[in-house]
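[1] quick one, fold the following:
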Amino acid sequence: MTKILLTWTLLFAIQIFAQTKNSFQTPDRINAYLTELEKVGFSGAVLVEIDGKKVISKGYGYSDQAHALKNETSTIFDIGSLTKQFTAAAILKLEMQGKLSTGDRIAKYFDNVPGDKSGITIHDLLRHQSGLQSNVGRDFDAISETAFIDTVMNSKLKFENGTQFSYSNIGYSLLAIIIEKVSGKTYENYLYENLWKPAKMEMTGYTRPRFDVRQVAVGYDNNDSAWGKPTDKAWDTTAPYWHLKGNGGILSTAEDMYRWHQALMGETILSKEAKNKLYHPKPRAGENNDAMYAYGWDVSKTDRNTFRVWHNGTNRIFYADFMRFIDEGVTLIMLSNKSHQNFNGLNFILAKMIFDENYTPQIPIADNETNRQYTQTIIDLILKEGFEAGKNEFKKRKSGTDILEHVLNIKGYDLLSEKKYDEAIAVFIMNVFAYPESANAYDSLGEAYMNKGDKTLAIKNYEKSLELDPHNGNAKDMLKELRK
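    Predicted coordinates:
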């Protein structure tokens, strides 16, 4: 009896170990991967939660290269459009307080709303279905509130409100104005008192935290040229002008964003009903809840029948990504002061590592001066002598020298825009030759053939892209169109 009990106990222990093995090993795998990414140029902070526990919180690269200051999870980054989830939460908080309804039309809060916009509701603004354009000015252009509202109201709608989706930054700025009108407080102060303070987020805001400027990261472009700090840019006293306020530009840290995630897991700030509305608002006609832009979050069902709640944000210098698998206890936060194609999809890769223990990500080629110059040499050779010449040169390359996939991709699309189809195809074929496991390389080549009018080769390359990445929605959509 004892022997049988021990045997079953041992089998049970082995089973539990097998089930949780990946949870134990994954943080080490992720740490090793991030360390390698840092070597090829990744700069930012990463926080990872697995099974509801924070397992990684670490900085990589430099927050200030000139002063050799390293990034940390306390480093302050521009979080871009992650700002929108705070705006959305503030609207729902005001609704909980009985001060507005998401069904209210904007004409209730703004004077002289023209007829084509009179039917727009707060719900429409939150879901980017108002028909408003994305922008009516650049982030740091000076503009008064009155001038901003007038410009928006006089702008042309892209479609009838409530019928389609089109991402609109100005829609979220209108929401921020509504927050100020209804609450009687500044946008930042309302958010602090009702969202950030209860969540113990003391390092989030525009200027209220009185940030130590030494902790604010310097932004860098792809060539490592310093763009500067967001606090150095032209702002309207305590906050950005209305082209950015409410839709972007909030400053925060990886740790504070994690506190926000934890706050949303409870009901201290938003009720259960409000959170359900946050993630699963009323869909449009013909739309379902499996994939939608909700209220400040992109929500989609996974192949594990769970939901991914996600958003990113960028000004093409800073890049922020916040990915939550609420049902599965996994949260991924990445804030970077150097937006780059090699790293902007990091959270998607980390998610694959967590949910597929057999997945091994590739380390991207370093985007340095040597490889940039070599890539340009290959491009020049292809345009002058054709793909075969570029391929032969590539085969003879020195150790430590390589071509950059994203540079070839950009050049290919530049040529496509000029209707130089054969030259674009030659460049994309080079990318496929150099990166035979890249779904994106095949996707681009498929698009080039489609633009040229070669349906057969377009289908062939889209099929290969989908084979490499079964989740490539663009390839699925293009194949559907091409097969009609």
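[2] distance of the nearest residue to residue 104 once chain neighbours are set aside from residue 156?
    The shortest distance from residue 104 to any non-neighbouring residue, by Cβ to Cβ, 6 or more residues apart in numbering, is to residue 122 (5.3 Å). Bear in mind the C-beta positions are built from the backbone N, C-alpha and C, glycine included. The gap separating residue 122 from residue 156 is 21 Å, by Cβ to Cβ, to the nearest Å.
[3] out of these two, which sits in the busier spot?
    residue 122 (25 against 8; other Cβ atoms under 10 Å).
[4] OK, contacts around that one?
    If a contact means Cβ atoms under 8 Å, 6 or more residues apart in numbering, then residue 122 has 91, 100, 101, 102, 103, 104, 106, 175, 178 as its contacts.
[5] residue 445 now?
    Per Cβ under 8 Å, 6+ apart, neighbours of residue 445: 425, 428, 429, 431, 432, 461.
[6] can you say which of those residues are buried?
    Buried positions within the contacts of residue 445, assessed by neighbour count (16 or more other Cβ atoms under 10 Å), are 425, 428, 429, 431, 432, 461.
[7] who does the helix or strand harbouring residue 90 touch, helix- and strand-wise?
    Assigned by DSSP states H and E, residue 90 belongs to helix 83-96. Packed against helix 83-96 by the contact rule (3 or more Cβ pairs under 8 Å, 6 or more residues apart in numbering; DSSP states H and E) you find helix 122-126, helix 169-183, helix 187-191, helix 272-279, strand 307-314.
[8] quick check: residue 182 touching residue 94?
    Yes. Using Cβ atoms under 8 Å, residue 182 is in contact with residue 94, at 5.6 Å.
[9] where in this protein is pLDDT low?
    Filtered on pLDDT under 70, the chain yields the residue ranges 1-24.
[10] who touches stretch 94-108?
    By Cβ under 8 Å, 6+ apart, the list of residues contacting stretch 94-108 from outside reads 91-92, 113, 117-123, 125-126, 174, 178-179, 182-183, 270-271, 274, 277, 281.
[11] how far away is the spatially closest residue to residue 348 that is not a sequence neighbour from residue 332?
    Distances taken as Cβ to Cβ, 6+ apart place residue 323 nearest to residue 348, at 7.6 Å, with adjacent residues excluded. In this view, residue 323 and residue 332 are 4 Å apart by Cβ to Cβ.
[12] more neighbours, these two?
    Between residue 323 and residue 332, counted using other Cβ under 10 Å, residue 332 has the larger neighbour count: 25 against 20.
[13] how about the helices in the stretch 301-450 of the chain?
    With helices called from DSSP state H, counting those that start in this stretch, the stretch 301-450 of the chain shows them at 346-355, 369-385, 387-395, 405-417, 421-434, 439-452.
[14] and those: which comes nearest residue 229?
    Residue 229 sits nearest to helix 346-355 of all those, at 22.5 Å, using Cβ to Cβ.
[15] what helices or strands is the closest one leaning on?
    Partner elements for helix 346-355 (3+ Cβ pairs under 8 Å, 6+ apart): helix 2-39, strand 44-50, strand 319-325, strand 330-336.
[16] which residues sit against that helix?
    Contacts of helix 346-355 (Cβ under 8 Å, 6+ apart): 22, 26, 29-30, 33, 37, 42, 46, 48, 50, 304, 308, 310, 321-323, 325, 328, 330, 332-334, 359, 361.
[17] hmm, 6 Å instead?
    Outside of helix 346-355, the residues that reach it under the criterion Cβ atoms under 6 Å, 6 or more residues apart in numbering are 26, 29, 30, 321, 323, 330, 332, 334, 359, 361.
[18] which positions within it qualify as buried?
    In helix 346-355, counting by 16+ other Cβ under 10 Å, buried: 346, 347, 349, 350, 351, 353, 354, 355.
[19] can you tell me how far the last one sits from residue 344?
    By that I understand residue 355. 20 Å.
[20] got it, and residue 175?
    Residue 175 is 26 Å from residue 344, by Cβ to Cβ.
[21] look at those two and report which has more neighbours.
    Counted by other Cβ under 10 Å, residue 175 and residue 344 do not tie: residue 175 has more neighbours, with 24 against 16.
[22] roughly how far apart are that one and residue 90?
    8 Å.
[23] would JSON lines of the helices of the stretch 301-450 of the chain with distance to residue 133 be doable?
    Listed next are the helices of the stretch 301-450 of the chain as JSON lines, based on distance: least, Cβ to Cβ, whole Å:
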{"stretch": "helix 346-355", "distance to residue 133": "29"}
{"stretch": "helix 369-385", "distance to residue 133": "35"}
{"stretch": "helix 387-395", "distance to residue 133": "40"}
{"stretch": "helix 405-417", "distance to residue 133": "22"}
{"stretch": "helix 421-434", "distance to residue 133": "30"}
{"stretch": "helix 439-452", "distance to residue 133": "26"}
